[in-house]
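Student: Pasting a predicted model and its sequence here:
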Amino acid sequence: MTPSASGSGGQLLPVSPVLGAVTAALLLAAVAVAGWGLLGHGHAVARAGLRAVVQLAAVAAVITWVVGSLWWSALFVLLMFTVAVHTAGRRMTRGRGWVWAAAPIGAGVLPVLALLLAVGLLPPKGLSVIPVAGILIGGALTATSLAGRRALDELRQRRGEVEAALALGFEERDARLEICRTAAATSLVPALDQTRTVGLVTLPGAFVGMLLGGASPVQAGAVQLFVLIGLLAVESAAVVVVLELVGRGLVTASGGADPVG
């Protein structure tokens, strides 16, 4: 450990004006590169960075207040869930069907949280529940939005194949799933790659955070392993539920009537 790190109470990055300046410079660089490369997301990168500053500042202040109460912590988790549903739903569809994003996110996250609380691995305390719930909800959000968009894009591009399957006698649900299942399943690739390469390419946040907090490498590794396997379970469930929603025509690209049905 470097002197600067040890002198900052074991922090990975000491909070200082230098950190703020470097972060601002990196955000400007990201905006510049996105603009130079004509990626079409220059403004989105800037807005995302500025929102992150405001949101993290607000969350840091709120969490220090809510963690003392399990009920307030539960409300905070519900807020995270609601924001995740809105974000993932809007990524999938432009219509009112975005509310269906609650199904895949809930189906992935709720059973895992309930299991952890039931067996006593997760203490019923805000300081424990909030970060674990946040990790799981974040994974479900990513899987839901990616699976939904890829499934709907595949149906739109291969509409003729869906109609051909219907002509062959397939049920509408089965015809849609036959076309979009493989594309939606690729949403699991990021989680799979992260799990396969953990410790070889990256040292994830839970592992590093526990080490900096004084845990042994074995303890840190066990917790990180749980997080990765938990995310695989959560995201797999989310993708399956998204496929069912798309297959049944409950979620469509426009949010209106199913163009295939």
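Tutor: All right, it came through fine.

Student: can you pull out the helices in this protein?
Tutor: 3-6, 17-36, 42-66, 70-92, 102-119, 126-157, 159-167, 172-185, 189-197, 205-212, 217-247 (DSSP state H).

Student: okay if I get those helices as a markdown table plus mean pLDDT?
Tutor: Output for the helices of the chain, formatted as a markdown table (pLDDT from 0 to 100):
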| stretch | mean pLDDT |
| --- | --- |
| helix 3-6 | 42 |
| helix 17-36 | 89 |
| helix 42-66 | 86 |
| helix 70-92 | 92 |
| helix 102-119 | 93 |
| helix 126-157 | 92 |
| helix 159-167 | 90 |
| helix 172-185 | 92 |
| helix 189-197 | 89 |
| helix 205-212 | 70 |
| helix 217-247 | 90 |
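
Student: most tightly surrounded among those?
Tutor: Across those, averaging neighbours per residue (mean count of other C-beta atoms under 10 Å) puts helix 126-157 on top, at a mean of 22. Placement of C-beta: from N, CA and C, glycine included.

Student: Distance to residue 254 added to the helices of the chain, as TSV?
Tutor: Listed next are the helices of the chain as TSV, based on distance: least, C-beta to C-beta, whole Å:
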stretch	distance to residue 254
helix 3-6	52
helix 17-36	28
helix 42-66	22
helix 70-92	11
helix 102-119	19
helix 126-157	9
helix 159-167	13
helix 172-185	15
helix 189-197	27
helix 205-212	38
helix 217-247	13
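
Student: For residue 253, find the nearest of those.
Tutor: Smallest distance to residue 253 across these (C-beta to C-beta): 4.5 Å, for helix 126-157.

Student: any idea how far residue 105 is from residue 234?
Tutor: Going from residue 105 to residue 234 by C-beta to C-beta, to the nearest Å gives 9 Å.

Student: Now list whatever residues contact both of the two.
Tutor: residue 140 (C-beta atoms under 8 Å, 6 or more residues apart in numbering).

Student: Could you check how far the closest residue to residue 153 other than its chain neighbours is from residue 37?
Tutor: The shortest distance from residue 153 to any residue other than its chain neighbours is 7.2 Å, reached at residue 183 (C-beta to C-beta, 6 or more residues apart in numbering). Using C-beta to C-beta, we find residue 183 at a distance of 26 Å from residue 37.

Student: Please apply the same query to residue 51.
Tutor: Taking C-beta to C-beta, one finds residue 51 at 22 Å from residue 37.

Student: for residue 143, same thing?
Tutor: Taken as C-beta to C-beta, the span from residue 143 to residue 37 is 27 Å.

Student: Same check on residue 65?
Tutor: 42 Å.

Student: give me every residue that touches the residue lying closest to residue 224 once chain neighbours are set aside.
Tutor: Closest residue in space to residue 224, ignoring its immediate chain neighbours: residue 207 at 4.0 Å, by C-beta to C-beta, 6+ apart. By C-beta under 8 Å, 6+ apart, the residues touching residue 207 are 198, 220-221, 223-224.

Student: List of residues touching stretch 239-257?
Tutor: With C-beta under 8 Å, 6+ apart, stretch 239-257 has contacts from 92-98, 100, 103-104, 107-108, 143-144, 147-148, 151-153, 155-156, 172-174, 176-177, 180-181, 184-185, 187-188, 258-261.
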